[in-house]
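1. With the input below, show me the fold.
(one chain, ligands or ions: 1)
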Amino acid sequence: MPYCLSDSDGLHVRSILSFLGKDVIFPVLAWSDMTKENKVIPIQLDDGKVVEAVFYGSGTLCLSTQVGCVVGCPFCASGAKGFFRHLTFDEMMTQIEVATNLCTPERITLSGIGEPLHNWDVTKQLIEDFALPVSVTTTGSPLKHLRKLLQLPHNGVMLSLHSAIEATHKQLIPRGPSCEGLLQTLKEAWPTLSRNKKRKLGINYLLIDGINDSQQELDAMADVMRSFPEVTLHLLLCNTVEHATFRSPPDERLQEIHQFFRDQDIHCRRANSWRRKEDGGCGTLMVRGLQGISEKTVAS
Ligand code: SF4
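-> This next block holds a predicted model:
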């Protein structure tokens, strides 16, 4: 069974998760700290690999769904070492149980390491069976699972679409679906979705200086958003990760971009304060403990 690694700082105590029959070591943190700060929670698996979950001070617990990722987004540390395997349902539950010893999650998001739709059976089971609301961040790969996901009782689907121009999209999400395929899938599903479901959809637009922040890029994204008026456009910031040189545009430009979409009557939000923290941004979670383990390159 997997267990939580002890943190290097803080006083440590031992707790027993009876359902696992396993000792779990975790740092004692003042309650006020846990509610104000993001907390990265490393989870060691039976085979020695380590994945990470994050508790956001907002009450959202972000879980990983895979050890590594095959999609290969160049701004992301989570898939930088390739793909190794899917997490099992038990391992997903362990992330939740370990986190629950440290904090009180109000909702779950599958936005950590991995592409949730590649681990489809586990993702589907969590959305359908888990007591807390579950949202998903996805590149939409594979599209056949995206079609099914849109119909499930999810608490939100955030589509990663960092450019509406095909060449830029391919550069930023190299092994995801094409922009055209993704939007076509959404168009086909659109008439079947209730208004409530439509309002739970979002497009994540990770802004990267000099790559997808030109006026041509903004115009293309605005065209997409006009086709899906209930959908929210989330402007995300790029975090600094190892081996990647991408940066978000300066604050002044971010403000201009936000204003541009608002002027177009597009429902647009900037990253919340939890996501703006160094340990809360897109692509910062890491797989650890990989020495001597061979990488797989193809996810199912
Ligand atoms: S951003 Fe998501 S889909 Fe892209 S490589 Fe990272 S974990 Fe995979």
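2. Tally up the residues packed near the nearest residue to Ile208 once chain neighbours are set aside, please.
-> With sequence-adjacent residues excluded and distances taken as C-beta to C-beta, 6 or more residues apart in numbering, Ile208 is closest to Phe246, at 4.9 Å. The way it works is simple: take the backbone N, C-alpha and C, and place the C-beta from them, glycine included. Number of residues near Phe246 (other C-beta atoms under 10 Å) recorded here: 20.
3. Just the element for Phe246, please.
-> Counting by DSSP states H and E, there is no helix or strand that carries Phe246.
4. quick one, what contacts it?
-> Pro74, Phe75, Ile208, Asp209, Ile211, Cys238 (C-beta atoms under 8 Å, 6 or more residues apart in numbering).
5. Narrow those to those that are buried.
-> Among the contacts of Phe246, those that count as buried by neighbour count (16 or more other C-beta atoms under 10 Å) are Pro74, Phe75, Ile208, Ile211, Cys238.
6. Out of the residues you listed, name the ones that lie in strands.
-> Of those, none are assigned to strands by DSSP state E.
7. Can you show me the helices along the stretch 201-300 of the chain?
-> 215-227, 251-263 (DSSP state H, counting those that start in this stretch).
8. if we can go back for a sec, would you turn the contacts of Phe246 into TSV with pLDDT and distance to Gly59?
-> Shown next, in TSV, are the contacts of Phe246 (pLDDT from 0 to 100; distance: C-beta to C-beta, whole Å):
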residue	pLDDT	distance to Gly59
Pro74	92	31
Phe75	90	26
Ile208	95	29
Asp209	95	31
Ile211	97	33
Cys238	85	25
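9. these two touch, right, Thr138 and Arg147?
-> No. Using C-beta atoms under 8 Å, Thr138 makes no contact with Arg147, being 11.9 Å away.
10. When those two are compared, which one has more neighbours?
-> Taking neighbours as other C-beta under 10 Å, Thr138 and Arg147 compare with Thr138 leading, 25 against 15.
11. which stretches of the stretch 151-300 of the chain have low pLDDT?
-> Low-confidence segments of the stretch 151-300 of the chain (pLDDT under 70): 242-244, 272-284, 286-300.
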